[in-house]
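Chemist: Build me a structure from this.
(2 chains)
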Protein chains: 2
Amino acid sequence: MDISSLFEVNLDPDANAPLYRQLHSAMRDAILAGRLNPGERLPSSRALGKRLGCSRNTVTEAYDLLTAEGYLEGRIGAGSYVSRTFAEDWVRDRPALPREQKNAGPPRLSRAGRALAEMGSDAGPDMNTPRRDPIGPDPAAFPFDAWARALARAWRRPDPDQAFRGDPMGYPPLREAVADYLRKVRALNCGAEQVMITSGAQHALDLVARLLLDPGDAVWIEDPSYRGARAALAATGANAIPVPVDKDGFDAARAAEIAPDARAAMVTPSHQFPLGVTMGLARRMQLLEWAAIGDRWIVEDDYDSEFRYTGRPIPALQGLDRAWRVIYAGTFSKAMFPGLRLGYLVLPPGLVEAFRAARLLLDGHTATVGQLAMAEFIADGHFPAHLRRMRVLYGRRRDIMLHHLRDRLAPFLAGPPGEAGMHLLAHLHRGLDDTAIARRAARAGVNCQALSAFHVGPNRRKGLVMGFGAVHEEAIPGMVERLAGILRDGTESG
Amino acid sequence: MDISSLFEVNLDPDANAPLYRQLHSAMRDAILAGRLNPGERLPSSRALGKRLGCSRNTVTEAYDLLTAEGYLEGRIGAGSYVSRTFAEDWVRDRPALPREQKNAGPPRLSRAGRALAEMGSDAGPDMNTPRRDPIGPDPAAFPFDAWARALARAWRRPDPDQAFRGDPMGYPPLREAVADYLRKVRALNCGAEQVMITSGAQHALDLVARLLLDPGDAVWIEDPSYRGARAALAATGANAIPVPVDKDGFDAARAAEIAPDARAAMVTPSHQFPLGVTMGLARRMQLLEWAAIGDRWIVEDDYDSEFRYTGRPIPALQGLDRAWRVIYAGTFSKAMFPGLRLGYLVLPPGLVEAFRAARLLLDGHTATVGQLAMAEFIADGHFPAHLRRMRVLYGRRRDIMLHHLRDRLAPFLAGPPGEAGMHLLAHLHRGLDDTAIARRAARAGVNCQALSAFHVGPNRRKGLVMGFGAVHEEAIPGMVERLAGILRDGTESG
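Modeler: Residues are numbered from 1 along each chain as shown, chains lettered A, B, ... in the order given. All right, here's what the predicted structure looks like:
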């Protein structure tokens, strides 16, 4: 009988896989399914090729591979046989396994895996889910040409020792540039040797949480707060304790009443996210005292330090620290673009070696591709120029949005719209359901987020977080107008 | 008296920080140190500028910033005073904090942090510590020009939706290319929707361990094995169980005797690292059965699939799996360069959503910079061409090294040198101390690693792991000759 009938094979010259591999798979499956029996003699390559309408060579290659894998025995010429060595034990009586996973139950994840999968599945825009995040920078304003040139210049003739294999701490020239910028503009107390380049701020927070916090450790977080900070804690099993933020920012005294035994605090002192308030000096000194005296860590997330439109930048908390308790995290995502995934940590000197060693094992280092280009982009002056242009652009959009919010939303506002980085915050009267309003706004094409969605604790303020970075000026009036309409309906219906 | 004497200030126009910020820091420190007392009136900006020999404007800017920060009170013009609001509580009676961290004890790390810091601090070359890893690819042979052009082409006019902000699963065209390659060349059973682009293979293993394993979970690992796999387990607190590898590779039956309750297995079936043996078919079927029946995971690390010099590539374990228990990990580090930090996971369909959601929160996604360029590099045919060139180059180096090892090291070898990916393995007689020999070789400029260093269990084989990828042909004979000399001395002295 025709042995080739034992394995369904339909050799397709246009398929992805070459013919010999198509034949190989068909025969392998037939052997594993027990349709070709152990010890069975196979036809000669010429004969089978003839029957299948393929070249003898195709069959020989398939036989060779099956032999190398142990499915077949014997030498080409002396004829090939289905192997007995494995078949007895493994092919016959094998339970037929489900081909599709759905037949099996849902796959088991680790505790951390379950927590992250759950948080991530309903991650809001603050977690960069949508491709266009109005709180993010504007793609239309990014100088792709200059960036492409920086990439080409950086990679045409790079120093192989720097480019081919990276340093766990980051590309030295980029670390120098970051330290220099942070000293000058953010008044940080640091040298390049304390800077670790990370794959974004989110990755930086994750590193810090993994290396400094044990499961169950209590950590103060701001309420409301950035979901990414909470995620980093959830991933390590640390216990995030929400502490209400008021007009002076995070309050360590209040936090100490809620959770006296906290090991660390995750804060955004310059621009609280999403409220936009600045942590006052007294509060800063108090928080630093708490950390210094109790050997605790402060994680300062300075996520959008580059964009201030009124007054001078408020120096970072790290610059006030005299006990090396502050770990500072920053990012290029707002000033450049989120896909770049370049951020940085400024570590206390005592943590540098541990972080370097651990990073080597976790993900090696941040890719050199973007690091070399970013250093080039800074060195040739394109970065500062781009920053200046963006400050003007975003500042104008901010003013227009602020004007229209005050003008059109006045009756619904509980206070003056607050300012922060790349978004405005419109505080709504308690009575209004900001979640429902944000949902309706989204349907009307207005991308804004409910302030209450950033809250963890029970006391949830009502408001709308509205990005202006990626919103074009001419679109703003209509956007606010639609929002006013939605608010009118909301209050009438409610 | 001259108030400026109260704060040591030495304005330096050449310093990094602008003059106003130098003055600001000096005054802030004086206030915090209590040298400037709460309520104290400050000289007019003109007067202080005159004394310090700087412009009035510099002083005004420093005063403005100090006022914004809450250190000073009062309006410019009406005069500025050292603030009382915070001073009472925070400046007076403040304990003087150590300026240097060394005064404090060693910083406290998490359990994972300590484990990683310890493993990483003595990480051998298999963890990419040295810039030149002979097991890695050869920088001198990498087409930087073509790569720079691919970067420029990919980024001059990219699709902003793809470039500006990445997908947690990766850049779709790159995922397609990876799935296509793996189906054709590695006989994987997968579609692009199962592929997640990671920041290197190490990062891929870390993701898998975090999302699937809980602290204390038993996991089978190969002995000897890749340190990176053990690190990923150590970071999650999983319990790595070493299982001796023989000439047929990893043995699930033996593993089941040692640790019957394992939740997962981390293996390198195609080329066991560092032994280079291939897992036989019977062993593969056995391992797959174990996983399928017990809802366990198999992590297949196919770290250097691109480089085989004899026979045809052995298909991946994943292609034999009928129960979706195999998670496949690969990397571009060997075919391209390690600094690229591009790797990939092929996930069972049931894990895709959980991994996507979790990835969003952990580090967002892998940077788009390298992904767009890599897809371009593949699409324009440069990648396959580069691979072909490297196979020829490395194959030649392998043959030469193999020849010289056989020729010069024969008396010391316990068996024929084994072959794997980008290194050779010279098995030494039990009597020889491979660690001491590798150390002496390093001093003699011969970069090789002791096989026993890759072992975890007590039964440590002796041998030398010698990379040839980045070793130039003309250097090989002298290198082996020096090694022979070291071995002669070693045996004479021992």
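Chemist: So A:G469 versus chain B, what's the distance?
Modeler: Note on A:G469: its distance to chain B, by CB to the nearest CB, to the nearest Å, is 12 Å. No exception for glycine: its C-beta is placed from N, CA and C like everyone else's.
Chemist: Can you list the low-confidence ranges for chain A?
Modeler: Within chain A, the stretches with pLDDT under 70 are A:1-8, A:33-34, A:75-77, A:85-105, A:122-134, A:309-313, A:418-420, A:491-494.
Chemist: From start to finish, how long is stretch A:428-435 in a straight line?
Modeler: Start-to-end span of stretch A:428-435 (CA to CA, to the nearest Å) is 11 Å.
Chemist: Show me what counts as buried in that stretch.
Modeler: A:L428, A:L432, A:D434 (16 or more other CB atoms under 10 Å in any protein chain shown).
Chemist: Nearest to chain B among those?
Modeler: Nearest to chain B out of the buried residues of stretch A:428-435 is A:D434 (CB to the nearest CB; 23.4 Å).
Chemist: check contacts around that closest one.
Modeler: A:L428, A:A450, A:L451, A:S452, A:A453, A:K462, A:G463, A:L464 (CB atoms under 8 Å, 6 or more residues apart in numbering or on different chains).
Chemist: ranking the residues you listed by neighbours, who comes first?
Modeler: Ranked by neighbour count (other CB atoms under 10 Å in any protein chain shown), these have A:G463 at the top, with 30 neighbours.
Chemist: And the residue lying closest to that residue once chain neighbours are set aside, how close does it get to A:D248?
Modeler: The shortest distance from A:G463 to any residue other than its chain neighbours is 3.4 Å, reached at A:L451 (CB to CB, 6 or more residues apart in numbering or on different chains). Shown here: A:L451 relative to A:D248, a distance of 18 Å by CB to CB, to the nearest Å.
Chemist: got it, and A:E473?
Modeler: Where A:D248 is concerned, A:E473 sits at a distance of 33 Å (CB to CB).
Chemist: Where does A:G170 fall, secondary structure wise?
Modeler: A:G170 is part of no helix or strand, with elements assigned from DSSP states H and E.
Chemist: count of neighbours near it?
Modeler: 25.
Chemist: OK, contacts around the residue lying closest to it once chain neighbours are set aside?
Modeler: Nearest non-adjacent residue to A:G170, counting by CB to CB, 6+ apart: A:I197, 2.8 Å away. Going by CB under 8 Å, 6+ apart, A:I197 touches A:M169, A:G170, A:Y171, A:L174, A:R175, A:V178, A:L342, A:G343, A:Y344, A:H365, A:T366, A:Q371.
Chemist: hmm, 10 Å instead?
Modeler: A:166-172, A:174-175, A:178, A:204, A:332, A:342-345, A:359, A:365-368, A:370-371, A:374-375 (CB atoms under 10 Å, 6 or more residues apart in numbering or on different chains).
Chemist: A:D64 contacts A:M27, doesn't it?
Modeler: No: using CB atoms under 10 Å, A:D64 is not in contact with A:M27; the gap is 12.0 Å.
Chemist: which one of those two has more residues nearby?
Modeler: A:M27 (27 against 18).
Chemist: Okay, and that one sits in which element?
Modeler: helix A:19-32.
Chemist: and that helix, anywhere near chain B?
Modeler: Yes: against chain B, helix A:19-32 shows contacts by CB under 10 Å from any CB of the partner chain at A:Y20, A:R21, A:H24, A:S25, A:R28, A:D29, A:I31, A:L32.
Chemist: circling back to that earlier point, of A:E473 and A:D248, who's got more company?
Modeler: A:D248 (16 against 13).
Chemist: Distance check, the more buried one against B:A253.
Modeler: Relative to B:A253, and taking CB to CB, A:D248 is found at 66 Å.
Chemist: Same check on A:M119?
Modeler: Relative to B:A253, and taking CB to CB, A:M119 is found at 40 Å.
Chemist: All set now, cheers.
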